[in-house]
Structure formats: structure tokens, C-alpha cells
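1. structure for this input, please:
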Amino acid sequence: MSTLTGKRVAFLATDGFEDSELTSPWGALADAGAEVVMVAPASDPISGKNGHEQSVDITSAEADAGTFDALVLPGGVVNADHLRLDADAVRFTRDFFAQHKPVAAICHAAWILAEADVLGGRKLTSYPSLRTDLVNAGAVWEDAEVIVDAGLVSSRTPDDLPAFNAKVIEEIEEGPHAAQTV
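-> As a prediction, the model looks like this:
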């Protein structure tokens, strides 16, 4: 039996995502047995910055964190900037923290965490240019390959994907974390 059989994982993105930051964790989680579901602000297929097309399963307005075991947030400057302006995407993200469920963010995806106001005192990493934004949102920022803080997994760039994917799987296996709160 695969380690994530029976787990349902949401990926939240829109046009402009960093292709490998969606496809690599998507493949790793699917290979581990998880049901992976694409959530986006609109129902039309989305395109990565390097051309990967991804069909959308459900819109952020329709999505309910209660029906998922975890959330993965791929990076990409345009993707992250547009998602943090989508009130439904922000609500959906915040709900995972309120329900103590694992959340994983790589690269620029941490911007939506700042918008969701879930970073107070949380330790994380991101693409280096986000450091000031995340610190101003209350985070403790470090330059590291991967950081795990009570169910919150974060990494900097596509170079960190092997470590990121391994920690995401580990956190989903562990399930809810009492310290994963808003």
C-alpha cells in the first residue's frame, strides 16, 4: 500500500506558476498514493510560465478545505501575486491552518500565506526576495533548503524540490498538527 493512500491533497495555483514546482510535488504525491486535485480561481486550464498546461478540478470559490488532507502551493511570481488577490484562494488557504492541516509552500507561494495572515511567529523559507515581506508579516525567515514548522513546509526554489517533496509526504503522513493554527 502506498503511504498516502486515502489522502486528498489540494494544489492551489493559477496562470504563471513555476512548472516544476507544480509538476514535481504533484507527481511525488500521486506516486505515493494521494488523490491530487487542482484548485484555481477559474475553471479554465491554467498555464505555467514554461508552458505546462494543467486542467482545473475545482475553483477556489467552490473549494472547501474540510474535504482535503493537505494543501500545496506552487511558486511563480505571477501565480503568487494573482492568488493573493483572490479572496477565495486566501480564505481556502487560511482554512487549512484553522483546521490544523499540513500546508506546503515553495518559492514565491509564501506571499499567499502573508495575505492569509497565518505567519505570526512561524519559521519558514522562500525565494530570498520575499524575506522582508514575510518578516513584516510576522514570520521568522531563514535561508534553508527546506523548513518544517508544525505542519508548514517551505522551500526556496526548484533546486530544493527533492527535499521539499520528501517533507511534504512526511507531514501529510503525520496528519493534522495541533500547532498548525491561524
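2. just list whatever residues bridge to the closest residue to Leu134 other than its chain neighbours.
-> The shortest distance from Leu134 to any non-neighbouring residue, by CB to CB, 6 or more residues apart in numbering, is to Trp141 (5.1 Å). Using the backbone N, CA and C atoms, a C-beta is placed for each residue, glycine as well. When bridges are called by DSSP bridges, Trp141 pairs up with Leu124.
3. wait, Trp141 touches Val135, no?
-> Yes. Between Trp141 and Val135 there is a contact under CB atoms under 8 Å: 5.4 Å.
4. who has more neighbours, the two?
-> Trp141 (22 against 13; other CB atoms under 10 Å).
5. OK, contacts around that one?
-> Lys123, Leu124, Thr125, Ser126, Arg131, Leu134, Val135 (CB atoms under 8 Å, 6 or more residues apart in numbering).
6. now do the strands in this structure.
-> For the chain, strands defined by DSSP state E occupy the ranges 8-12, 35-40, 46-47, 53-54, 58-59, 70-73, 103-106, 123-124, 140-141, 146-149, 152-155.
7. low-confidence ranges in the chain?
-> Filtered on pLDDT under 70, the chain yields the residue ranges 1, 182.
8. sorry, back to before: want to throw the contacts of Trp141 into CSV with distance to Leu152?
-> CSV is the format used below for those (distance: CB to CB, whole Å):
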residue, distance to Leu152
Lys123, 8
Leu124, 6
Thr125, 11
Ser126, 12
Arg131, 16
Leu134, 12
Val135, 16
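9. now restrict those residues to buried residues only.
-> Neighbour counting over these (16 or more other CB atoms under 10 Å) leaves Lys123, Leu124, Thr125, Ser126, Arg131, Leu134 as the buried ones.
10. biggest separation within these, which pair?
-> Across these, no pair lies farther apart than Lys123 and Arg131, at 12.8 Å, counting by CB to CB.
11. in stretch 46-66, what counts as buried?
-> Residues Ile46, Gly48, Gln54, Val56, Asp57, Ile58, Thr59, Ser60, Ala63, Ala65 are the ones in stretch 46-66 that count as buried (16+ other CB under 10 Å).
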